[in-house]
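[1] I would like the atomic coordinates for the input below:
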Amino acid sequence: MENHVAATALRKETLGTPGIVFLVLAAVAPLTGTVVVASLAIALGNGGGTPVSFLAIAALFLIFAVGYAQMSRVLVNAGGFYAFVLKGLGRTGGLIAGLIATLGYNFFVVGTIGTSGFFMQTVISQLTGLDLHWYFWGLLSIVASFLLARRGIDISSTVLGIALVLETLVLLVFDVSVFVRTGFSVEAFSPAAIFSGSLPIGLLLAATAFLGFEATSLFGEEAKNPSRTVPRATYIAVSVIGVVFALTSWAVVSATGVEQAQGAAQDHLESGDLLFSLAGQYLGDPLVKVMMVLLLVSLFAAMLAFHNSAARYLFALGRARVFPHALARTNAGGSPVVACIVQALFAVVVAGAFALAGLDPITSLVPSMIGFGTLCIMVLQVLAALAIIVHFRRQRDPRLGRTLIAPLIAMLGLGTIVVMAIVNFDIVAGSDALAVRLLPLLLVLAVLGGLFLGPYLRRKRPAVYAALAEDMDRTEQEGSRAGASTSVAP
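    As a prediction, this is how the structure comes out:
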């Protein structure tokens with residue numbers, strides 16, 4: 001029995017707060033986010049007022065984190081948002097969330113093969129003259145991600161921590177260089193700048209830069225003192241993301257001129273080199289080349305982080321026997337190795353289909369996969385906020401500010417962003433192709449799948465259906481014990 005348990009158990013007491021923060025921030029990929037998301041927000045959103053968009057979204061997610069932290073203290077589970085929704089909205093709601101999460105995170109990893117492969121082909125060819133097909137580089141990246149994930153979450157955390165420090169450092173060097181030469185002008189925070197262009201689109205695109213912070217709860221079973229570590233990591237991650245993106249976008253619009261920022265960003269929209277062109281002026285060519293190399297590191301870090309997250313959703317659903325139980329198998333290091341294999345193979349096959357069809361990764365693979373993955377994660381955030389409210393109202397929790405008001409504000413704010421994302425999905429996905437615009441319909445299929453799966457399990461597999469609630473009870477008890485042990489610690 002002990003061997004069986006060990007074969008389906010993640011390695012506990014592995015990650016401290018810094019480790020979880022590194023995993024989360026690496027998924028956010030600050031350098032990649034600045035090159036892609038911040039540039040898009042400036043070009044298509046509210047131009048010179050973009051720093052305020054990032055700060056406003058950071059404030060919204062910090063409000064969301066209040067209820068998220070309370071739920072994390074009583075629920076320690078590798079299922080992340082799936083576990084949250086299962087606990088708050090019941091088995092069918094949890095199954096819907098699990099299917100959406102599985103779709104979203106796995107699609108996102110497919111997209112990272114495209115982005116990593118494309119930029120590796122471009123940068124390596126430019127720097128060395130070696131020009132290999134993008135799929136080769138993407139395949140190499142996902143294989144390396146799998147091998148690191150297989151070694152254990154602590155190894156991944158170390159690698160991601162190094163990557164995060166390097167890419168954040170180069171952004172800070174750029175920021176300081178700009179502010180030393182231009183001064184700390186506050187024009188970007190004026191009403192005229194904030195409401196220039198399209199503020200709603202600016203907020204929508206800024207929200208996409210925060211995707212990945214919610215993964216803190218996915219690593220709860222592998223965390224030290226999860227009742228404290230997970231909430232603390234969530235607050236730190238959201239704060240750091242908000243500060244880094246607000247500061248760097250402030251530097252970018254200061255370098256171009258606040259009034260001219262939107263036009264400058266639009267001029268560089270097709271080439272996607274706004275940050276690199278400015279870095280050439282403020283840092284010089286040698287540091288631009290360093291930044292290009294670090295962009296590749298940043299892309300790999302994001303792939304590794306999302307690969308770990310996607311594998312844990314597969315692991316959680318396999319452990320619940322909703323998916324094949326083999327997905328819950330772990331190796332001696334506590335890594336969900338079967339889930340990692342399945343996830344990597346799925347990504348390789350789907351990306352390979354695009355490559356065999358001769359489609360360009362940036363105009364086909366990346367917008368479809370990452371755009372849809374982004375929408376899925378946003379929907380999960382709304383469902384999680386609702387689940388938090390329902391769970392704590394059912395418990396008649398007296399802390400209304402933390403367990404009702406904060407998650408309600410977050411749910412309404414995030415719900416508005418989801419509606420904007422669906423209406424403007426061509427902007428989120430970066431493509432107006434019909435096939436891309438129809439992808440949100442997969443969410444409907446996920447909902448229908450959950451609605452079918454719940455009653456099916458209740459009738460045909462009652463033991464599995466009952467075990468869903470038992471698993472939540474067990475993890476809640478583990479969270480309560482963790483909280484109790486923390487509260488009596490000196």
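
[2] Distance-wise, check the spatially most central residue of the chain relative to Leu443.
    The centre of the chain sits closest to Gly212, judged by Cα atoms, centre = their mean, with a distance of 1.9 Å. Distance of Gly212 to Leu443, given as Cβ to Cβ, to the nearest Å: 19 Å. C-beta coordinates here come from the backbone N, C-alpha and C atoms, glycine included.

[3] repeat for Phe22
    As for Phe22, its distance to Leu443 is 31 Å (criterion: Cβ to Cβ).

[4] The two: who's more crowded?
    Phe22 (25 against 20; other Cβ atoms under 10 Å).

[5] In this structure that one contacts Leu166, no?
    No: with contact defined as Cβ atoms under 8 Å, Phe22 and Leu166 do not form a contacting pair (12.0 Å).

[6] Please enumerate the shared neighbours of those two.
    Counting by Cβ atoms under 8 Å, 6 or more residues apart in numbering, Phe22 and Leu166 have no contacts in common.

[7] Does anything pack onto the longest helix seen in the chain? Which helices or strands?
    When the chain is parsed with DSSP state H, its longest helix is helix 81-128. When contacts are defined as 3 or more Cβ pairs under 8 Å, 6 or more residues apart in numbering; DSSP states H and E, helix 81-128 sits against helix 50-74, helix 134-151, helix 285-319, helix 337-356, helix 366-394, helix 441-460, helix 462-487.

[8] Figure out which of the ones you listed is closest to Ala41.
    helix 50-74 (4.9 Å; Cβ to Cβ).

[9] Can you give me the buried ones in that closest one?
    For helix 50-74, the buried set under the neighbour-count rule, 16 or more other Cβ atoms under 10 Å, comprises 50-58, 60-74.

[10] So which elements touch the stretch of helix or strand Val436 belongs to?
    For Val436, the element it lies in under DSSP states H and E is helix 434-437. Applying 3+ Cβ pairs under 8 Å, 6+ apart, one finds that helix 434-437 makes contact with helix 366-394, helix 425-429.

[11] The first one - contacts with which helices or strands?
    Counting by 3+ Cβ pairs under 8 Å, 6+ apart, the packing neighbours recorded for helix 366-394 are helix 50-74, helix 81-128, helix 406-423, helix 425-429, helix 434-437, helix 441-460.

[12] quick one: the last one to helix 81-128, angle?
    Relative orientation of helix 441-460 with respect to helix 81-128: 140 degrees, computed using axes from the mean of the first three to the mean of the last three Cα atoms, to 10 degrees.

[13] C-alpha coordinates for helix 441-460, CSV please?
    Provided in CSV are the C-alpha atoms of helix 441-460 (Å, rounded to 0.1, in the frame of the first residue of the first chain):
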residue,chain,number,x,y,z
LEU,A,441,-16.9,27.8,-28.9
LEU,A,442,-14.6,25.1,-27.3
LEU,A,443,-15.5,26.6,-24.0
VAL,A,444,-19.1,25.7,-24.7
LEU,A,445,-18.1,22.2,-25.4
ALA,A,446,-16.1,22.1,-22.1
VAL,A,447,-19.2,23.2,-20.3
LEU,A,448,-21.4,20.6,-22.0
GLY,A,449,-18.8,18.0,-21.3
GLY,A,450,-18.8,18.8,-17.6
LEU,A,451,-22.6,18.8,-17.5
PHE,A,452,-22.6,15.4,-19.2
LEU,A,453,-19.7,13.9,-17.2
GLY,A,454,-21.2,14.8,-13.8
PRO,A,455,-24.4,12.8,-14.2
TYR,A,456,-22.6,10.0,-16.0
LEU,A,457,-20.2,9.5,-13.2
ARG,A,458,-23.0,9.6,-10.7
ARG,A,459,-24.9,6.8,-12.5
LYS,A,460,-22.2,4.7,-14.0
